[in-house]
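Visitor: Give me the fold of what follows.
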Amino acid sequence: MFLPALGPDDVARLRQMRRTPRPIPAQAPRAPRPITPRRERPAVAGGLLPGAAVAGGLLPASAAQHALLAPAPAPSAAPTSWWEEPLALGSLLVLIPPVGLAVLWSSRRYSREARWALTGITALTMCLVALVAVVAMLG
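Guide: All right, here's what the predicted structure looks like:
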């Protein structure tokens, strides 16, 4: 590789450039967040909700209100097939690697990095098994 020779003027200019502070780029002003109204809590007399009976007693108003105002559970994603479960996929990758890799790469459950990591681990495992088989045959 060719590196040009630097003269004393070049070195001085480089030192000056290094010491010169860089200007901070201007940031655009942030847009204000939209205001969303809060849900009102139901008024409770005496601190207890009469319909909130649990184990023969009444729930305190804060717990009952929390139960009433808790958000509904989010609907889960589409149910995954049995072969996309981690135990089944691991078994396929160990016992039938080509099928396991096909299932792995067709699944949306795993990120791209996880797919590459599992593919590399499977490849290394297959190489190790092949090496052991060759050594057993020759030895």
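
Visitor: average pLDDT across stretch 81-93?
Guide: The average of the pLDDT scores along stretch 81-93 is 90.

Visitor: wait, L93 sits on L118?
Guide: Yes - counting by CB atoms under 8 Å, L93 touches L118, with 6.6 Å between them. Bear in mind the C-beta positions are built from the backbone N, C-alpha and C, glycine included.

Visitor: more crowded one of these two?
Guide: L93 (21 against 18; other CB atoms under 10 Å).

Visitor: For this protein, which segments count as strands?
Guide: Along the chain, the segments classed as strands by DSSP state E run 48-54, 57-60.

Visitor: the bottom helix or strand of this structure by mean pLDDT?
Guide: Lowest mean confidence among the helices and strands of the chain (mean pLDDT, DSSP states H and E): strand 48-54, at a mean of 49.

Visitor: isn't T122 right up against G100?
Guide: Yes - the pair T122 / G100 is scored as a contact, 6.8 Å apart, by CB under 8 Å.
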